[in-house]
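Novice: Could you work out the structure for the sequence below:
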Amino acid sequence: MAEITTTPATGAQWDDVQSALTGGGDGRSCQCAWPLLTNAQWEATSTPERERMLHDEIDAGPAPGLVAYLDGEAAGWVRVGPRPPQRRLAHSRIVKTGSEEPLDDVSVWAITCFSIRGEHRGKGVMRALLDAAVEFARDSGARVLEAYPIDTDAQEQTRSNDLYVGKLSTFTSAGFEVVARPTPTRAVVALAFGPAA
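Specialist: Model (predicted):
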């Protein structure tokens, strides 16, 4: 059986982060900048600029995400961190109509992006990243961890690129509670840890 391990992304993992992001889907062009930028900012940036942004973010710390390894090979990435710096969320109809938490509360963390290399999909990498993200958020003092996954059971076909937000069934099986269904295919889910540290 394949061994899946995870680690917070630091400068030492930069090449592995890039490997995880560039294994298929939109990760190569997005560079996980989508959650951080408004639409206007997104349109004004190029892929090399987004790559530099992520590099600088990782170098500055704290880790904005985690890298997963399958038998020692970089296999996936998840962005997890306090919700306010992920500026797009404050403008998202799904978040604004579905979340029960104040948008400026730094004790509310969010999982906003998964990127799994094509050859490693269907092997449990997303679930391993989710479990590690939960532990990372809890250990970092988060009071609540939110996510905004897609319900693949609510539509006939789901494009693989749409799975960057995660699958609803993966979150519910990990103990997340559905707090809202802003659209027929998208949910707001939350896991409460208690008072912020």
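Novice: Please identify the helix or strand for A40.
Specialist: Using DSSP states H and E, A40 sits in helix 39-43.
Novice: Quick check: mean pLDDT of that helix?
Specialist: The average pLDDT for helix 39-43 rounds to 93.
Novice: for that helix, the distance to its chain's centre please.
Specialist: In terms of CA atoms, centre = their mean, to the nearest Å, the centre of helix 39-43 is found 19 Å from the chain centre.
Novice: List the contacts of that helix.
Specialist: Applying CB atoms under 8 Å, 6 or more residues apart in numbering, the contact partners of helix 39-43 are 33-34, 91. The way it works is simple: take the backbone N, C-alpha and C, and place the C-beta from them, glycine included.
Novice: List only those of those residues flagged as buried.
Specialist: 33-34 (16 or more other CB atoms under 10 Å).
Novice: Just the contacts of helix 39-43: which are in helices?
Specialist: Judged by DSSP state H, those include no members of helices.
Novice: Could you look up the SS state of the residue nearest the centre of the chain?
Specialist: With distances taken as CA atoms, centre = their mean, C113 lies nearest the centre of the chain, 2.8 Å away. Classification of C113 using DSSP: H, G, I helix; E, B strand; the rest coil returns strand.
Novice: any idea how far it lies from S173?
Specialist: 20 Å (CB to CB, to the nearest Å).
Novice: can you give me the strands in the protein?
Specialist: Counting by DSSP state E, the segments of the chain that form strands are 4-8, 65-70, 73-82, 108-116, 144-147, 177-180, 188-192.
Novice: where does this protein dip in pLDDT?
Specialist: Scanning the chain for pLDDT under 70 picks out 1, 156-157, 160, 195-197.
Novice: residue boundaries of the helices in it?
Specialist: Secondary structure of the chain (DSSP H): helices located at 14-21, 27-30, 39-43, 47-60, 93-98, 125-139, 168-173.
Novice: For the longest one, list every residue counted as buried.
Specialist: Within helix 125-139, the residues that qualify as buried by neighbour count (16+ other CB under 10 Å) are 125-134, 136-138.
Novice: again, but for the fifth one
Specialist: Taking 16+ other CB under 10 Å as the neighbour-count basis, helix 93-98 is seen to contain the buried residues 94-95, 98.
Novice: Extract the CA atoms of it and return them as CSV.
Specialist: Output of helix 93-98 as CSV, limited to C-alpha atoms (Å, rounded to 0.1, in the frame of the first residue of the first chain):
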residue,chain,number,x,y,z
ARG,A,93,-21.6,35.0,-2.8
ILE,A,94,-21.2,31.4,-1.6
VAL,A,95,-19.3,32.6,1.5
LYS,A,96,-21.3,35.7,2.2
THR,A,97,-24.7,34.0,2.0
GLY,A,98,-23.6,30.7,3.5
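Novice: helices or strands next to it in the packing?
Specialist: strand 177-180, strand 188-192 (3 or more CB pairs under 8 Å, 6 or more residues apart in numbering; DSSP states H and E).
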